[in-house]
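Trainee: task: produce atomic coordinates for the following.
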Amino acid sequence: MPELPEVEVVRRGVERWVVGRRIEAVQVLDPRSVRRHEAGPVAFAHELEGAVVGDAVRRGKFLWLPLTGPDGDTPQEALLVHLGMSGQLLVKDAGLPAEKHLKVRLSLSERPGTPAELRFVDQRIFGGMLLDRLVPTDDGAPGGRSATGLPAVPTRAAHIARDPLDPAFDADLLHDRLRRRRTGLKRALLDQAMVSGIGNIYADEALWQARLHWARPTDTLRRPETHRVLAAVRAVMDRALAAGGTSFDSLYVNVNGESGYFARDLNAYGRSGRPCPRCAEEGRAALIVREQFMNRSSYRCPACQRAPRNARF
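Mentor: Below you'll find the model as predicted:
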């Protein structure tokens, strides 16, 4: 599933090619991709047509496009997009053939040298689109990484915590929340109500960089350790953004249909049985191990990420 860097790459593409343009026409090719829009696919298309995309905003893995009227009024609604396992937002010229799994097509107002359509493609149909009401955030700060800093989030995303790349993210608040929890560190990092945008890949990479075991009890964390983990999360995500995200197959691509290449730079995730890069540099022989974690896999180095006492699995 796309994590924060992949969704941010898509957001930046939408911001570049789509923001400021009017939605001229909407074609829903598969109603399942707008199933979360309670009024149905016909109403979804009718409500979208004529709206202007005012911004492209992200919080964690959620992406939304605040919509204004023709007069540029304050956005009250947003087009909320969840990519799910295989969702793609692509900008395409109108004359190009439809993708095999094209679900929704938005025709945009003309802009010289710019593709005329925004397409939602989804092979597995776990993602989708819906129109959602915008509500103020709890502290009035931007509801994600936004060029205009809109102080609102969609109701469906209001429960999502801020992510580590959000300028308003509070590291000390996260530390206090971690200390009050009695769980393992990786499990807490994956809790989108505590800190958003971190998935399995980047949790493993950040914990490897911070030299901490994934089962470290959160109530034993010292404040410098929390800050070290967050610094590692941000560093890993910044590198992933520079590489265009992580693509293991053709399902994740940016708005131009290009894959990310951060998979080449992974230090722990997916490297079971291969030497730990840090230990190799420091003259130790240690192999990355794969362990069961919440019905998925977790990767670590047993030499520089030692299992803690009272580990919480």
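Trainee: quick check: which ranges of this protein have low pLDDT?
Mentor: Applying pLDDT under 70 to the chain flags residues 1, 70-72, 138-151, 246-261.
Trainee: ranges for the strands of it?
Mentor: Using DSSP state E, the strands found in the chain span residues 23-28, 52-53, 57-59, 62-68, 77-82, 87-92, 102-108, 117-122, 128-136, 152-154, 289-293, 296-300.
Trainee: list the buried residues in stretch 18-31.
Mentor: 18-19, 21-23, 26, 28, 30 (16 or more other CB atoms under 10 Å). Where C-beta positions appear, they are placed from N, C-alpha and C, glycine not excepted.
Trainee: contacts for it next, please.
Mentor: With CB atoms under 8 Å, 6 or more residues apart in numbering as the test, stretch 18-31 has contacts from 34, 40-41, 44-45, 48-56, 65, 70, 91, 98, 102-109, 111, 114, 118, 125, 147.
Trainee: any idea how far apart the tips of it sit?
Mentor: 23 Å (CA to CA, to the nearest Å).
Trainee: repeat for stretch 245-262
Mentor: 6 Å.
Trainee: follow-up on the earlier one: could the strands of the chain go into JSON lines alongside distance to D219?
Mentor: Shown next, in JSON lines, are those (distance: least, CB to CB, whole Å):
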{"stretch": "strand 23-28", "distance to D219": "48"}
{"stretch": "strand 52-53", "distance to D219": "44"}
{"stretch": "strand 57-59", "distance to D219": "27"}
{"stretch": "strand 62-68", "distance to D219": "29"}
{"stretch": "strand 77-82", "distance to D219": "32"}
{"stretch": "strand 87-92", "distance to D219": "37"}
{"stretch": "strand 102-108", "distance to D219": "44"}
{"stretch": "strand 117-122", "distance to D219": "40"}
{"stretch": "strand 128-136", "distance to D219": "33"}
{"stretch": "strand 152-154", "distance to D219": "30"}
{"stretch": "strand 289-293", "distance to D219": "19"}
{"stretch": "strand 296-300", "distance to D219": "20"}
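Trainee: so of these, which one's packed in deepest?
Mentor: strand 57-59 (a mean of 28; mean count of other CB atoms under 10 Å).
Trainee: report all helices and strands that that strand contacts.
Mentor: The contact analysis (3 or more CB pairs under 8 Å, 6 or more residues apart in numbering; DSSP states H and E) places strand 57-59 against helix 4-17, strand 62-68.
Trainee: how far off strand 102-108 does the first one point, in degrees?
Mentor: Think helix 4-17. Going by axes from the mean of the first three to the mean of the last three CA atoms, to 10 degrees, helix 4-17 is angled at 30 degrees with respect to strand 102-108.
Trainee: which strands or helices does helix 4-17 pack on?
Mentor: strand 57-59, strand 62-68, strand 87-92, helix 223-242.
Trainee: what's the second one in contact with?
Mentor: Think strand 62-68. Contacts with strand 62-68, where a contact means CB under 8 Å, 6+ apart, come from 7, 10-11, 14, 18-19, 48, 51-58, 74-75, 77-83, 89, 131-132, 134, 144, 150, 152-154, 156-157, 160, 196.
Trainee: go with 6 Å
Mentor: 7, 11, 51-57, 75, 77-81, 150, 154, 157, 160 (CB atoms under 6 Å, 6 or more residues apart in numbering).
Trainee: picking up where we left off before, out of the helices and strands packed on helix 4-17, which gets nearest to A168?
Mentor: With CB to CB as the measure, strand 57-59 is the member of these nearest A168 (10.4 Å).
Trainee: and the two most separated of the buried residues of stretch 18-31?
Mentor: Taking CB to CB, no two of the buried residues of stretch 18-31 sit farther apart than V19 and D30, at 25.6 Å.
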